[in-house]
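sharing a sequence plus its predicted fold:
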Amino acid sequence: MGAQVVERVFPPDLRERLGRSVRLAAPPLTGELDGSAAAEVLGGVEVLVTGWDCPPLTERVLDAAPHLKAVVHAAGSVRPIVTDAVWERGLLVSSAADANAAPVVAFTLAAITFAAKGALPAAAAYATAWPGFLEREGADGRVVGVIGASRIGRRVIEALRADSAGYRLLLCDPYVSEGEAARLGVERVGLAELCRRSSIVTVHAPQLPETRGMLSAEMLRLVPDGGVVVNTARGSLIDAEALAAECGSGRLSAYLDVTSPEPLPAGHPLLTLPNVLVTPHVAGAQGSEVRRLGVYAVEEVERYVGGVPLVGMTGRGDMARVA
């Protein structure tokens, strides 16, 4: 992982704890993995702890690590690092995505609360149009359409179900059956119906070829007037120009923690519209929060050493559904 990542995700106390379970290579590998210096270290490695800025684990890299049995990723998605060679060698792969999910869920719930109360339009009109108490928006009974029953999507659903506002929940996810939808407490619908019926649409699907641009101009036109789009997943899932047009007309509002491209070019309409809040990919673990990724990884290594099943296991079959 990157040198700065090591310092933030694995502060001294966590590295000391990790060193009680395994013998740590020193210093940590923070550069390329396919050079001779890295090969000297990889030759004796059984568990590789990775993180942000880790290069892909190519066949060449793995050839230098004949004793490698497990990869513990101290970050969310393993997509940037895993290759076919990882699965072909039968390596165990664990991700700290669960640890990264909690702050994303909290951010999403805050955005949905703001959306339900019409916070952005109200803030934009504050100086000239103070709304009467009875005219203000409220959350009670709002229809929230959840796109993707991912680990984050499911936690958002669980939290909204428990909310006293009594949200009505729709779900679009091709991998969720009617029975599972019933257990989640949601109504399973297609994407078009979800857009047509939802006052708030929140996106939690993975970035895949088939999901790119899924919230197209056509789908966005189906969202009712006054609707809100919340995206804490991947920017490529939404047609940014179409969303900018809808928000520019005042018909929709949006809370976006991710965009495509990222960052947006200076002067892009989404950055200047009063009914759009764009944040620079801050929903996931930030600052002191990244420590929880290190804790998760250390606990996974402890489980591995103790012969206990890893809780963050990711398999080759999961790659079609994970971010």
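All right, it came through fine.

so where's this structure shaky on pLDDT?
134-136, 323 (pLDDT under 70).

where's the most centrally placed residue in it relative to E210, distance?
When the chain is reduced to its mean C-alpha position, the nearest residue by C-alpha atoms, centre = their mean turns out to be A233, at 4.9 Å. Here the criterion is C-beta to C-beta, to the nearest Å. By it, A233 lies 14 Å from E210. Heads up, the C-betas are built off the backbone N, CA and C, glycines and all.

so what's the residue count around L170?
Using other C-beta atoms under 10 Å, L170 has 22 other residues around it.

how is it assigned, secondary-structure-wise?
Classification of L170 using DSSP: H, G, I helix; E, B strand; the rest coil returns strand.

what about the spatially closest residue to F10 that is not a sequence neighbour, distance to V49?
The shortest distance from F10 to any non-neighbouring residue, by C-beta to C-beta, 6 or more residues apart in numbering, is to G294 (4.6 Å). Spatial separation of G294 from V49 under the definition C-beta to C-beta is 9 Å.

tell me what angle whichever strand or helix holds I157 forms with strand 168-172.
Under the criterion of DSSP states H and E, I157 resides in helix 151-162. With axes from the mean of the first three to the mean of the last three C-alpha atoms, to 10 degrees defining the directions, helix 151-162 sits at 160 degrees from strand 168-172.

from now on call the first residue 2
Understood, numbering begins at 2; the last thing we discussed is helix 152-163.

just to revisit the earlier point, so what sits against both of G295 and V50?
Residues touching both G295 and V50 (C-beta atoms under 8 Å, 6 or more residues apart in numbering): A75.

please name the nearest non-neighbouring residue to R156.
V106 is the one closest to R156 (C-beta to C-beta, 6+ apart), at 4.5 Å.

you'd agree the one you found is up against R155?
No: applying C-beta atoms under 8 Å, one finds V106 not in contact with R155, separated by 9.4 Å.

packing partners for the helix holding I158?
Using 3 or more C-beta pairs under 8 Å, 6 or more residues apart in numbering; DSSP states H and E, the elements in contact with helix 152-163 are helix 98-117, strand 144-148, strand 169-173.

show me which positions of that helix end up buried.
Neighbour-count burial for helix 152-163, counted by 16 or more other C-beta atoms under 10 Å, picks out R152, I153, G154, R155, R156, V157, I158, L161.

just name the most buried of the helices and strands packed on helix 152-163.
strand 144-148 (a mean of 26; mean count of other C-beta atoms under 10 Å).

give me the distance between G142 and I153.
In terms of C-beta to C-beta, G142 sits 24 Å off from I153.

residues making contact with stretch 59-73?
The contact list for stretch 59-73 (C-beta under 8 Å, 6+ apart) reads 34-35, 39-40, 43-51, 56, 58, 79, 82-84, 86-87, 90, 92-95, 298, 301-302, 305, 311, 313.

kindly report the same for stretch 183-196.
Under C-beta under 8 Å, 6+ apart, the answer for stretch 183-196 is 146-148, 150, 155, 158, 162, 169-174, 177-179, 182, 198, 202, 215-216, 220-221, 223-224.

rewinding a little: dump the helices and strands packed on helix 152-163 to JSON lines, plus distance to V283.
Output for the helices and strands packed on helix 152-163, formatted as JSON lines (distance: least, C-beta to C-beta, whole Å):
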{"stretch": "helix 98-117", "distance to V283": "8"}
{"stretch": "strand 144-148", "distance to V283": "21"}
{"stretch": "strand 169-173", "distance to V283": "26"}
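
and of those, who's closest to V279?
Of all those, it is helix 98-117 that lies closest to V279, at 11.5 Å by C-beta to C-beta.

ok, then the element right after that closest one?
Sequence-wise, the next helix or strand downstream of helix 98-117 (DSSP H and E) is helix 120-126.

against which helices or strands is that next one packed?
Judged by 3+ C-beta pairs under 8 Å, 6+ apart, helix 120-126 is in contact with strand 254-257.

the strand it packs on pairs with which strands, and in what direction?
The pairing partners recorded for strand 254-257 under DSSP bridges are strand 229-232 (parallel), strand 277-279 (parallel).

quick one: the strands in the chain, in order.
48-51, 71-74, 93-96, 144-148, 169-173, 188-189, 201-204, 229-232, 254-257, 277-279 (DSSP state E).

how about the ones you listed, which one is nearest A4?
Nearest of the strands of the chain to A4, taken as C-beta to C-beta: strand 48-51 at 13.8 Å.

who touches that closest one?
Contacts for strand 48-51 (C-beta under 8 Å, 6+ apart): 2, 19, 23, 43, 58, 66, 69-76, 82, 298, 302, 305.

with stretch 282-291 instead?
For stretch 282-291, contacts defined as C-beta under 8 Å, 6+ apart pick out 9-10, 77, 100-101, 104-105, 108-109, 233, 258-259, 263, 293-294.
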